[in-house]
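Peer 1: Just need the structure, nothing else, for what follows:
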Amino acid sequence: MRINFLGTCSGTEPMPGRHHTSITVEVGDRMFWFDAGEGCGHTAHVMGLDLAATEAVFISHTHMDHIGGLPHLIWTLRKLAGRVEGFGARLGGRQIPLYIPRPEVFDAVNTLLANGKGLSPAFTITARPCQDGWLYEQDGVRVRALHNLHLGPDEPFRSFSYRLEADGRGIVFSGDVKSVADFEPLIDPCDVLMMETGHHRVEEVCEYLRGSGHRFGQLVFVHHGRAILADPAGELAKARSVLGNKVHIAADRQSVMI
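Peer 2: Residues are numbered from 1 along each chain as shown. So this is what the prediction gives:
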């Protein structure tokens, strides 16, 4: 599997070299998206990622820094299907599920996309609501969702964390959370734990995880808050003083194999 960090910034003002949160996980010839921050489709394409491999999209919550690039991602897929030889054929009339906590938000996206006359209809995007449990299970890949308290405890839940399993490995994406405790049931064991820092201090997260006894391989900080944006090296040193070299800080356009 390969993880691609397309955007690693939290919802700040525009930052040099950083875009809002978006991550893809490649499993064989399939690609799974987790959040769709600004410019994610453009970044994936110029990185050389195979957008025709898009299998499903999972949105943690519908704040702009997590969905601002969704309309352009879909537009880019349609544009490539109409202009790149073989791209549309590979999509092959596929129905791509979009798991989103508020499916009605996708109505606005469709309104924007309706203005794109002449774009290829080679595939369809189907919005599906999020709920706790296994949302996706197909051909050896499964994705589990668990609601978190980033937007409060009221049902229907509006914010989710995710766990992807494939090839005997597990990857966890926190989304935005009130605390690590929100998504603890997803962690054990996992190979990569991706934790947001837009609302948390890295040393506190590391201390919590060290004391929890959770089994995880690598801790990768994403959705960076101002502390990391201002001093990534200093923040990494703080984190590694607690958990050692298993901690990493993700950068835009970075890819890692697991």
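Peer 1: The helix or strand hosting A237 - contacts with which helices or strands?
Peer 2: Using DSSP states H and E, the secondary-structure element containing A237 is helix 232-243. Using 3 or more CB pairs under 8 Å, 6 or more residues apart in numbering; DSSP states H and E as the contact definition, the elements that helix 232-243 packs against are helix 202-212, strand 216-222, strand 247-249. Using the backbone N, CA and C atoms, a C-beta is placed for each residue, glycine as well.
Peer 1: Would you convert these into a markdown table that also reports mean pLDDT?
Peer 2: Rendered in a markdown table, the data for the helices and strands packed on helix 232-243 read as follows (pLDDT from 0 to 100):
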| stretch | mean pLDDT |
| --- | --- |
| helix 202-212 | 97 |
| strand 216-222 | 98 |
| strand 247-249 | 98 |
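Peer 1: Could you dump those into JSON lines and include mean neighbour count?
Peer 2: Written out in JSON lines, the entries for these read as follows (neighbours: other CB atoms under 10 Å):
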{"stretch": "helix 202-212", "mean neighbour count": "17"}
{"stretch": "strand 216-222", "mean neighbour count": "22"}
{"stretch": "strand 247-249", "mean neighbour count": "20"}
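Peer 1: of these, which approaches P156 most closely?
Peer 2: Of all the helices and strands packed on helix 232-243, strand 216-222 sits nearest to P156, with 25.6 Å by CB to CB.
Peer 1: buried residues in whichever helix or strand comes after that closest one?
Peer 2: Secondary structure here is assigned by DSSP H and E; on that basis, the next helix or strand after strand 216-222 toward the C-terminus is helix 226-230. Taking 16 or more other CB atoms under 10 Å as the neighbour-count basis, helix 226-230 is seen to contain the buried residues 227-229.
Peer 1: Residues contacting helix 226-230, please?
Peer 2: Outside of helix 226-230, the residues within contact range by CB atoms under 8 Å, 6 or more residues apart in numbering are 9, 12, 15, 18, 197, 201-202, 221, 235, 249.
Peer 1: just to revisit the earlier point, the helices and strands packed on helix 232-243: which one's closest to V109?
Peer 2: The closest approach between V109 and any of those, judged by CB to CB, belongs to strand 216-222 at 23.3 Å.
Peer 1: CA-only coordinates of that closest one in PDB, if you can.
Peer 2: Extracted in PDB, the C-alpha atoms of strand 216-222 (Å, rounded to 0.1, in the frame of the first residue of the first chain):
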ATOM      1  CA  PHE A 216       0.600   1.200  16.300                       C
ATOM      2  CA  GLY A 217       3.600   1.200  14.000                       C
ATOM      3  CA  GLN A 218       4.000   4.800  12.800                       C
ATOM      4  CA  LEU A 219       2.400   8.000  14.100                       C
ATOM      5  CA  VAL A 220       2.100  10.600  11.300                       C
ATOM      6  CA  PHE A 221       0.800  14.100  12.100                       C
ATOM      7  CA  VAL A 222      -1.500  15.700   9.500                       C
END
